[in-house]
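Visitor: Predicted model follows, preceded by the sequence.
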Amino acid sequence: MTEQLSGLTLIKGHIIEAKTFGDPVITENGYLAIEDGVVKGVFSEIPAGFSDAKKIDYSGKLILQGFSDMHLHAPQYPMLGMGMDLPLMDWLKAYTFKTEARFADNNFAREVYSRLASELVKNGTTRVCIYSSTHTDATLILMEELEKAGVGGFVGKVNMDRASGECQELTEESKRETLRWLDESVKFSRIRPILTPRFTPSCTNELMGWLGKVAAERGIYVQSHLSENKREIELVHELHPDCEQYWQTYEKYGLWTDHTIMAHCVHSDAREQQAMIDHNVLCVHCPDSNINICSGFAPVRQMVERGVWVALGSDIAGGAQLPMLQVLTGCLRMSKARAIETEGKEAFLTVGEAYYLATSAGSRYFGDADGFASGNPLHAVVLDETLLPPSARELTVKERFERAVYLADDRSIAAVYGGGRKIK
Ligand SMILES: [Zn+2]
């Protein structure tokens, strides 16, 4: 059961905010002031007007921002940890489309999606941008289950009318079902629809053009994949010889706009990165997936420093780790692989920098300001370190935070707040 925070509330603990891409701002024994589920600020003393507020005491515990998983595939949850022996295009054909086809069965969808929603909450993921399958009814079930569990964000019914095996739709069917899904999605309050052409190879030009028109007419965001794998990039060039670069196949149809989400961007060059900056496109880095299906090492520091908007995603089931703490440390490991590969020319990411990518960088997508800024809906994760190894000396709060990022799992997550509600 989720519980809305109403009236004035003070949450006490060591508050750790990702205010910039850098070191976190730590307020020891601080107060997170909340009014009707919305953050009013972080204070080291009880702020004026809050002396009679309800108090929730997590003294001695770490209070982190809620995590945003900006790219994952809900119908691949049953194949988590499987099929890691093939590269992207073969992997889709051999495993993925067959698994996703199972979601024509609504009972199966309900069983999988209710479990997925509760696993997200248990692990502190409070917002998502998530792919469903091509099935409208299963997509609505996913939206329902996320909303019930208290997870916010965007869900996409996938469109694919080309080279998509068991999941391939007819073009007209794909359009008709998309409209039915959009009409039925209005009943949700914390979950909204996002248009989801799977990626250029799986959509005809007609379908891409139609989706671009719907995006513009209805003001709906778009999510897809970009420059994940070299074979995929070659295929896109064969399909669209008029486009010099992969991103232009989306731009051509009105799908490359403000807030478009592009997963991976492993092989995007400076020009493709500049196109992301120019159009405020969000690049979602999915380190575990990029390693598992041998896609490559994305140049994350280089992209961030150049000005690309980068956040993190689990990309299950290419990624085998749903917990964003695992994604965060995976991101650190991959940045070290880049540092090794470039002989230190590209410095690896710090824990604080990766924490920013896992929290504030994603929450900006939903209109939040960085950190626990005043006006943001409350999204927070409370960590209890009791189960972590005993330390040999007293640790600073920053050391405790960095250690917990590496070691904590759902057993150490004592409480989760999402959208101003207590959801765990
Ligand atoms: Zn993906």
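Guide: Arrived safely.
Visitor: tell me the pLDDT at Met1?
Guide: Among the per-residue scores, Met1 holds a pLDDT of 66.
Visitor: From here on, call the first residue 26.
Guide: Taking 26 as the first residue, the last one we looked at is Met26.
Visitor: Surely Ile155 is in contact with Leu97?
Guide: Yes - judged on Cβ atoms under 8 Å, Ile155 makes contact with Leu97 at a distance of 5.3 Å. C-beta: built from backbone N, CA, C; applies to glycine.
Visitor: more neighbours, those two?
Guide: Ile155 (30 against 27; other Cβ atoms under 10 Å).
Visitor: quick one: the more buried one is in a helix?
Guide: No - going by DSSP: H, G, I helix; E, B strand; the rest coil, the assignment for Ile155 is strand, not a helix.
Visitor: Which pLDDT value goes with it?
Guide: The per-residue pLDDT reported for Ile155 equals 98.
Visitor: Next: Met114.
Guide: According to the prediction, Met114 has pLDDT 89.
Visitor: Okay, buried residues for stretch 109-124 please.
Guide: Within stretch 109-124, the residues scored as buried using 16 or more other Cβ atoms under 10 Å are Leu113, Met114, Trp116, Leu117, Tyr120, Thr121, Phe122, Thr124.
Visitor: what do you get for stretch 330-350?
Guide: Using 16+ other Cβ under 10 Å as the test for burial, stretch 330-350 gives 333-350.
Visitor: Filter those residues down to the ones in strands?
Guide: Among those, DSSP state E puts Trp334, Val335, Ala336, Leu337 in strands.
Visitor: from the middle of its chain, how far away would the helix or strand hosting Leu35 be?
Guide: Following DSSP states H and E, the helix or strand that holds Leu35 is strand 33-42. Its chain's average C-alpha position is 24 Å from that of strand 33-42, according to Cα atoms, centre = their mean, to the nearest Å.
Visitor: Listing partners with orientation, what would you give for that strand?
Guide: strand 50-60 (antiparallel), strand 79-90 (parallel) (DSSP bridges).
Visitor: Just the buried residues of the first one, please?
Guide: Residues of strand 50-60 classed as buried: Val50, Ile51, Thr52, Gly55, Tyr56, Leu57, Ala58, Ile59, Glu60 (neighbour count, 16+ other Cβ under 10 Å).
Visitor: The residue of the stretch 176-325 of the chain found nearest the ion: what secondary structure?
Guide: Nearest residue of the stretch 176-325 of the chain to the ion, counting by Cβ to the ion: Ala288, 4.9 Å away. At Ala288 the chain is in strand, as set by three-state DSSP.
Visitor: Skip the chain neighbours and tell me the closest residue to it.
Guide: Leaving aside its chain neighbours, Ala288 sits nearest to His96 (4.3 Å; criterion: Cβ to Cβ, 6 or more residues apart in numbering).
Visitor: My impression was that the one you found belongs to a helix - is that right?
Guide: No - going by three-state DSSP, the assignment for His96 is strand, not a helix.
Visitor: Count the neighbours of it for me.
Guide: Neighbours of His96 using other Cβ under 10 Å come to 30.
Visitor: gap between it and Val306?
Guide: With distances taken as Cβ to Cβ, to the nearest Å, His96 is found 13 Å from Val306.
Visitor: same question, Ile59
Guide: Using Cβ to Cβ, we find Ile59 at a distance of 33 Å from Val306.
Visitor: swap in Cys268?
Guide: Going from Cys268 to Val306 by Cβ to Cβ gives 16 Å.
Visitor: any idea of the mean pLDDT for stretch 132-146?
Guide: Computed over stretch 132-146, the mean pLDDT rounds to 98.
Visitor: Next: stretch 245-254.
Guide: 97.
Visitor: circling back: go back to the buried residues of stretch 330-350 and keep what's next to the ion.
Guide: Among those, the ones lying near the ion by Cβ under 5 Å from the ion are Asp340.
Visitor: any idea how far Thr151 is from Ser93?
Guide: For Ser93, the distance to Thr151 equals 7 Å [Cβ to Cβ].
Visitor: Can you pick out the residue with more neighbours from those two?
Guide: Each of Ser93 and Thr151 has its neighbours counted (other Cβ under 10 Å); Thr151 has more, 32 against 29.
Visitor: and that one, backbone torsions?
Guide: phi -100, psi -20 (degrees, to the nearest 10).
Visitor: quick one: which of Cys268 and Val306 has more around it?
Guide: Neighbours around Cys268 and Val306, counted as other Cβ under 10 Å, are more numerous at Val306. The numbers are 25 against 16.
Visitor: My understanding was that that one contacts Glu297; is that so?
Guide: No - Val306 lies out of contact with Glu297 (Cβ under 8 Å); the separation is 9.8 Å.
Visitor: Name the SS class of Ser31, please.
Guide: Recorded secondary structure, Ser31: coil (three-state DSSP).
Visitor: what domains does the record give for the chain?
Guide: The chain resolves into domains spanning 28-91+394-447, 92-383 when parsed by automatic domain parsing.
Visitor: first to last residue in the shortest one, what's the distance?
Guide: End-to-end distance for domain 28-91+394-447, by Cα to Cα, to the nearest Å: 5 Å.
Visitor: How about the contacts made by Gln270?
Guide: Gln270 makes contact with Asp294, Arg296, Glu297, Ala300 under the criterion Cβ atoms under 8 Å, 6 or more residues apart in numbering.
Visitor: What's the local residue count around the second one?
Guide: By that I understand Arg296. Based on other Cβ under 10 Å, the number of other residues close to Arg296 is 10.
Visitor: quick one: it from Gly32, how far?
Guide: Computed as Cβ to Cβ, the Arg296 to Gly32 distance reads 52 Å.
Visitor: what do you get for the third one?
Guide: If you measure Glu297 against Gly32 using Cβ to Cβ, the figure is 49 Å.
Visitor: Counting neighbours, go ahead and name the busier of these two.
Guide: Using other Cβ under 10 Å as the criterion, Glu297 and Gly32 rank with Glu297 on top: 21 against 11.
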